[in-house]
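Visitor: Provided below are the primary sequence and the corresponding predicted coordinates.
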Amino acid sequence: MSLFNVFNISGSALQAESTRLNTTASNLANVNSASSSINQTYKARHPVFAPILDEFSEEQANVGVKVEGILESQVPARSEYNPGHPLADAQGFIYLPNVNPVEEMANMISASRTYQTNVEVMNSAKQMMMRTISLGQ
C-alpha cells in the first residue's frame with residue numbers, strides 16, 4: 001500500500017465523521033421539539049458506516065470508509081401529559097422526540113476525537129513524505 005493511500009483512507013474517514021457530527025447536531029437541535037402527533041414527531045437519526053475494500057488493482061487500492069445511509073431510530077417517541085400545551089392532542093398529550101441527549105453528547109465527543117485522530121494521521125503522513133523527500137537533498 002502506498003503512503004498516498006493514507007490520505008484517501010483518512011479523507012474518507014473525515015467525511016464519514018463529519019456526517020456523524022452533522023446528524024448528532026441535528027438530533028440535539030430537535031431534542032425538545034414537541035408535536036401533536038406521534039407520526040409527526042422528530043426521530044433520532046444515526047449514520048451507518050461501511051468499509052470500502054475493493055481488490056488491489058495495478059494502479060491503486062480503493063480502501064476507506066463510506067456512509068451507507070442514515071437510519072431513523074425505531075425507539076418510540078416519548079409522550080408527556082401536558083393539557084395546557086398548544087400542541088396537545090385531544091387527550092392532552094404532546095409527543096417528544098426519541099433523542100437521548102446523553103447518548104448524543106457521547107456520540108459527538110467520539111466523532112470529534114475520531115476526526116482529530118484522522119487529521120493527525122494525515123499530518124504524520126505528510127511529515128513522513130516531506131522527510132523522505134528531504135533525504136535526497
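Guide: All right, it came through fine. None of the values given here were measured: they were computed from a predicted structure.

Visitor: Settle this for me: Leu108 is touching Thr23, isn't it.
Guide: No Leu there; residue 108 is Met. No. At 10.1 Å, Met108 does not count as touching Thr23 under the criterion of C-beta atoms under 8 Å. For glycine as for every other residue, the C-beta is placed from the backbone atoms N, C-alpha and C.

Visitor: Give me the contacts around the helix or strand hosting Phe49.
Guide: Phe49 belongs to strand 45-53 when assigned by DSSP states H and E. Strand 45-53 is contacted by residues 12, 16, 19-20, 23, 26-27, 62-73, 107 when judged by C-beta atoms under 8 Å, 6 or more residues apart in numbering.

Visitor: and Thr41, what is it in contact with?
Guide: So Thr41 contacts Ser33, Ser35, Ala77, Tyr95, Leu96, Pro97, Asn98 (C-beta under 8 Å, 6+ apart).

Visitor: how about the helices of this structure, start to end?
Guide: 4-29, 101-135 (DSSP state H).

Visitor: among the contacts of strand 45-53, which ones are buried?
Guide: Ser12, Ala16, Thr19, Arg20, Thr23, Asn27, Gly64, Val65, Val67, Asn107 (16 or more other C-beta atoms under 10 Å).

Visitor: list the contacts for the one residue sitting closest to the centre of the chain?
Guide: What sits nearest the mean C-alpha location of the chain, by C-alpha atoms, centre = their mean, is Arg20, with 0.8 Å. Going by C-beta under 8 Å, 6+ apart, Arg20 touches Pro47, Asn107, Ala111.
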